[in-house]
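Trainee: sequence first, then the predicted structure, then my questions.
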Amino acid sequence: MKISEYLDKAKAVTGSDGKTAEKIGVTKQAVSNWRQGTSHPDAHACANLADIIGAEELEIVAVNGMETEKTPERREYWKKKLAELGGIAASIFAAVILIVTPYPAEAAPAAKIASQDCILCKIRKLLKLFSKIKIAALALCNSQILAQRHCSPG
């Protein structure tokens with residue numbers, strides 16, 4: 001997926017590029033430039049875009065990194081991060097399914113299923129928190145790399 005595709009999703013949610021820009025906290029021209037590829041969103045704008053469409057912040061930051069990095073090695077780094085995020089999301093999804101699926105002997109009433117939504121909401125909030133922590137760690141790591149200090153992967 002590309003940043004322009006995430007912007008299409010955001011436009012479908014907000015109704016226009018202008019409203020998307022307003023919710024992200026940038027100008028409509030900035031969104032237009034991102035669509036055209038003449039400029040790219042920063043990590044904060046990526047996080048706001050993720051909030052609009054209900055995506056993980058790291059996913060959009062990684063896609064943006066794959067589009068903007070100059071070297072193949074750095075593009076590959078973001079590609080791996082995106083793949084890891086997909087694996088983590090699949091594992092969590094499987095765990096949630098196991099948690100909320102009743103045993104066959106139980107006939108779960110609609111009220112019980114509705115109460116399970118609270119668990120899902122809590123898991124989603126935790127995922128968002130972990131994603132924000134990862135973004136902060138990546139920003140710190142990148143600043144150390146720019147300052148020519150070694151930052152061990154991990």
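Mentor: Thanks, I have the structure now.

Trainee: quick one, helices of the protein?
Mentor: Counting by DSSP state H, the chain has helices at residues 3-14, 17-24, 28-36, 43-53, 57-68, 72-100, 110-146.

Trainee: pick out the shakiest of those helices, pLDDT-wise.
Mentor: Lowest mean pLDDT within these: helix 110-146, a mean of 58.

Trainee: need the distance between the two termini of stretch 36-54.
Mentor: End-to-end span of stretch 36-54 (CA to CA, to the nearest Å): 23 Å.

Trainee: now it: buried residues?
Mentor: If you call a residue buried by 16 or more other CB atoms under 10 Å, then stretch 36-54 has these buried ones: 41, 43, 45-50, 52-53. All C-beta spots, glycine's among them, are computed from the backbone N, C-alpha and C.

Trainee: what's it in contact with?
Mentor: 3-4, 6-7, 9-10, 13-14, 20, 23-26, 30, 33-34, 55-57, 59-61, 64, 67-68, 131-132, 135, 138-139 (CB atoms under 8 Å, 6 or more residues apart in numbering).

Trainee: among the residues you listed, which ones are buried?
Mentor: Buried, going by 16+ other CB under 10 Å: 3, 6-7, 9-10, 14, 20, 24, 26, 30, 34, 55-57, 59-61, 64, 131, 135, 138, out of those.
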